[in-house]
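J.: give me the fold of what follows.
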Amino acid sequence: MGNLNTHRSRLALMVCLFLIVTTVAVFWHLQHHEFVNYDDDLYVTENRHVQAGLTAESVIWAFTTSHATNWHPLTWLSHMSDYELYGLNPKGHHLSNLLFHVVSTILLFLVFRRMTGALWRSSLVAALFALHPLHVESVAWVSERKDVLSTFFWMLTMWTYLRYVEDPRLHRYLLVFFTFSAGLMSKPMLVTLPFVLLLIDYWPLGRFQIEQSGDAGTSKKDQWGAFRCEKQHVFYLIWEKVPFFALSAVSSIVTFLAQQKGGAVSSLVAYPLSIRIVNALVSYVGYMGKTVWPHGLAVFYPHPDKMLPMWQVAAAGLSLVLISVIVIRVARRFPYVPVGWLWYLGTLVPVIGLVQVGSHAMADRYTYIPLIGLFIIPVWGLFDLGARWLCGRVVLTISTVGVLSAFMIATWLQVGHWKDSITLFEHALDVTANNPVAHNNLGIALELQGKVDAGVAHYSEALEIKPDFAEAHNNLGSALDAQGRLDEAAIHYSKALQIKPDFAEAHNNWGGVLDAQGKVNEAMAHYSEALRIKPDFIEAHNNLGIALARQGKVDEAMAHYSEALEIKPDFAEGHNNLGIVLAVKGNLSEAVVHFCEAIRLQPTYAEAHKNLGFAYWLLGDMDSALNEHRILEDLDVDLAEELLALMDN
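T.: Just a heads-up that it's a prediction; the model follows:
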């Protein structure tokens with residue numbers, strides 16, 4: 001027996017090594033990927049709280065904010081930890097996601113092996129989880145840290161639950177509750193986990209005792225006798241999960257309120273209930289189709305916004321009914337079939353679109369947990385079939401190698417589409433139709449590369465598809481603004497605000513156009529409105545400060561510059577502007593400090609070099625002033641001439 005146990009342990013270790021090596025291999029080129037311009041700004045690249053690191057203030061913020069329309073404090077703490085370690089180097093952030101994915105894969109294998117004793121079946125379920133192309137989005141997207149982190153706690157909760165079932169003690173029950181709570185604080189997707197715990201009570205744990213009569217006895221549910229537990233009446237098992245269901249209910253309410261506050265929950269006017277139900281039916285079948293044949297995967301699938309063709313709806317509904325009928329018919333003989341099917345259906349409920357969050361029809365990341373249910377059915381079924389067929393094991397082995405190899409290749413290729421924003425959204429446009437989000441975000445990426453005309457074309461295409469797309473109106477306005485087409489830009493800012501009156505960025509941008517047109521008071525009104533909506537909007541503070549300084553309201557301007565620097569101490573333009581008003585007030589020494597800080601943060605900041613040179617000249621430090629002039633001759637000849645003219649006067 002000792003040798004047998006040693007052999008099993010070695011096999012399990014080999015499986016773990018295989019899972020680690022293959023998973024890391026297909027995802028390894030993530031280390032060369034960039035952040036993308038879709039939510040990564042909200043979570044990392046433009047999030048000052050995350051970039052503050054693990055401070056007392058940022059930790060409090062993590063537990064009290066609904067930023068990004070969610071309450072997930074542990075996800076925020078995870079991003080803060082990564083920033084402490086890697087700063088804004090995307091490599092570390094990507095590899096952290098991969099680490100959580102690998103650990104969750106190993107835990108999934110260990111959980112199923114412990115529950116069933118079936119090493120090879122458990123390893124195949126884990127391998128499918130690790131290597132399926134639908135799971136690329138959850139791993140390759142830094143913003144989906146919440147997905148991989150919450151799934152880690154999902155697996156940990158299942159593991160601690162098994163330990164509790166083996167030996168039902170209070171401290172073990174509390175440990176299950178703790179890991180479940182941690183998962184909910186990473187992503188509310190875990191609200192369905194208590195339901196899944198009931199499913200595994202039925203199979204493979206065999207805890208269900210339907211009748212009241214009879215003695216409770218032990219249940220051995222696998223060929224190895226690896227897991228034994230006491231049978232319990234079904235009502236006891238439900239009662240046992242009541243605290244978990246209660247916590248799920250609280251999490252659901254908090255999540256709904258956070259998403260509603262952030263404007264993420266769409267109204268029934270925008271997406272009527274009939275359209276939501278139809279889209280849910282089609283999505284259930286669509287996810288299954290992409291599981292079997294994972295092609296045309298995209299970061300964003302546009303919502304149809306209208307009733308789909310009736311043949312498509314009927315086919316989807318009929319498919320789900322027929323599958324469910326088959327599941328019921330085979331349930332007694334093959335208990336893993338209803339468990340897998342209900343796992344898939346149940347865990348998708350929060351994200352299937354009945355409560356529409358955002359404007360997408362479906363999302364690959366939503367399959368991260370649900371697909372485990374679909375994996376269970378064919379894996380256990382094919383092993384059962386192979387055991388009865390003479391050549392079954394050989395065929396099963398060859399098929400398994402073929403499927404995993406195909407998935408590894410597909411996953412490797414899909415990871416490549418996440419290289420950067422341009423690659424990601426160009427691919428989305430290749431595989432989807434009428435995709436305004438892909439056009440908008442591709443436009444942003446192209447504009448950042450200086451390809452303003454290309455950006456304008458994509459923003460215009462986005463608006464052709466979705467005329468009420470406020471973000472695209474704002475971005476098109478910004479691009480036109482950059483081209484000097486101020487009147488056209490103002491039209492699009494106005495439209496953005498008609499659609500979304502509390503759009504702080506559009507208020508700030510429109511204020512900039514009005515300012516450039518000499519309409520300073522109107523501009524200041526928009527800057528002020530932007531700050532009312534978004535008090536920590538540094539660009540609006542800076543712009544309002546400039547407008548106030550131009551009107552001679554130096555003290556008020558200083559207050560806004562100081563506020564901007566309080567929010568973002570490394571804001572070079574804010575330091576330069578604060579230095580200017582300090583110099584106007586005669587505080588030249590303090591002004592020099594801020595000009596120097598602006599240059600430290602941005603060494604090629606020509607305007608700051610000019611201002612520093614003039615401040616040195618006013619202080620009588622001619623050598624330092626001339627040194628700044630020499631630097632300016634390399635950076636900006638015109639500003640160098642301006643500085644020389646100021647010193648000559």
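
J.: going forward, measure contacts and count neighbours with C-alpha atoms only.
T.: OK.

J.: kindly state the domain boundaries assigned to the protein.
T.: 2-216+229-421, 502-569, 572-649 (automatic domain parsing).

J.: save the ones you listed as JSON lines, and put in mean pLDDT, mean neighbour count and distance to A489 too.
T.: JSON lines is the format used below for these (pLDDT from 0 to 100; neighbours: other Cα atoms under 10 Å; distance: least, Cα to Cα, whole Å):
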{"stretch": "domain 2-216+229-421", "mean pLDDT": "92", "mean neighbour count": "19", "distance to A489": "22"}
{"stretch": "domain 502-569", "mean pLDDT": "95", "mean neighbour count": "20", "distance to A489": "8"}
{"stretch": "domain 572-649", "mean pLDDT": "93", "mean neighbour count": "19", "distance to A489": "24"}
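
J.: tabulate those domains (JSON lines), appending distance to A496.
T.: Formatted as JSON lines, the domains of the chain follow (distance: least, Cα to Cα, whole Å):
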{"stretch": "domain 2-216+229-421", "distance to A496": "15"}
{"stretch": "domain 502-569", "distance to A496": "7"}
{"stretch": "domain 572-649", "distance to A496": "27"}
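
J.: and stretch 295-302, how far out from the chain middle?
T.: Distance of stretch 295-302 from the chain centroid (Cα atoms, centre = their mean, to the nearest Å) equals 15 Å.

J.: gap between the two ends of that stretch?
T.: Stretch 295-302 has an end-to-end distance of 16 Å (Cα to Cα, to the nearest Å).

J.: residues in contact with it: which ones?
T.: 134, 137, 359-364, 414, 424-425, 427-428, 431-432, 434-438 (Cα atoms under 8 Å, 6 or more residues apart in numbering).

J.: narrow those to those in helices?
T.: The members of the contacts of stretch 295-302 that map onto helices under DSSP state H are 137, 414, 424-425, 427-428, 431, 436-438.

J.: could you identify the most distant pair in the residues you listed?
T.: Using Cα to Cα, the two most remote members of the ones in helices among the contacts of stretch 295-302 are Q414 and P436, lying 21.3 Å apart.

J.: where exactly do the helices run in the stretch 1-150 of the chain?
T.: Applying DSSP state H, counting those that start in this stretch to the stretch 1-150 of the chain gives helices spanning 2-27, 40, 48-51, 56-64, 73-86, 90-116, 119-131, 136-140, 145-166.

J.: of all those helices, which one is nearest D636?
T.: Closest of the helices of the stretch 1-150 of the chain to D636 is helix 48-51, at 31.4 Å (criterion: Cα to Cα).

J.: in a helix, V176, correct?
T.: Yes: under DSSP: H, G, I helix; E, B strand; the rest coil, V176 sits within a helix.

J.: dump the residue contacts of it.
T.: 157-158, 160-161, 164.

J.: for it, give its distance to E230.
T.: V176 sits 18 Å away from E230, taking Cα to Cα as the criterion.

J.: and for L308?
T.: Taking Cα to Cα, one finds L308 at 49 Å from E230.

J.: likewise A540?
T.: Distance from A540 to E230, counting by Cα to Cα: 64 Å.

J.: now H132
T.: Distance of H132 to E230, given as Cα to Cα: 36 Å.

J.: one more: L476?
T.: Here L476 is placed at a distance of 64 Å from E230 (Cα to Cα).

J.: what of Y366?
T.: Going from Y366 to E230 by Cα to Cα gives 34 Å.

J.: now T55
T.: 47 Å.

J.: now Q449
T.: Here the criterion is Cα to Cα. By it, Q449 lies 64 Å from E230.

J.: please apply the same query to F152.
T.: From F152 to E230 the distance is 27 Å (Cα to Cα).

J.: what's the answer for L601, then?
T.: Distance from L601 to E230, by Cα to Cα: 65 Å.

J.: next: P302.
T.: With distances taken as Cα to Cα, P302 is found 48 Å from E230.

J.: and if you look at E34?
T.: Counting by Cα to Cα, the separation of E34 from E230 is 51 Å.

J.: what's near enough to touch the residue lying closest to P350 once chain neighbours are set aside?
T.: Nearest residue to P350 in three dimensions, chain neighbours excluded: M189, at 6.9 Å (Cα to Cα, 6 or more residues apart in numbering). The neighbours of M189, taking Cα under 8 Å, 6+ apart as the test, are 150, 347, 350.

J.: go again with 10 Å.
T.: Shown in contact with M189 (Cα atoms under 10 Å, 6 or more residues apart in numbering): 146-147, 150-151, 154, 183, 248, 251-252, 255, 347-351, 366, 369.

J.: got it, and D570?
T.: 564, 597-598, 600-602.

J.: repeat that for 6 Å
T.: Neighbour list for D570: empty [criterion: Cα atoms under 6 Å, 6 or more residues apart in numbering].

J.: name the SS class of it, please.
T.: Relying on three-state DSSP, one would call D570 coil.

J.: distance check, it against E607.
T.: The gap separating D570 from E607 is 17 Å, by Cα to Cα.

J.: S251 too?
T.: Counting by Cα to Cα, the gap from S251 to E607 is 50 Å.

J.: cool, H526 as well?
T.: Taken as Cα to Cα, the span from H526 to E607 is 26 Å.

J.: the residue nearest to P350: what secondary structure?
T.: Secondary structure, three-state DSSP: M189 is helix.
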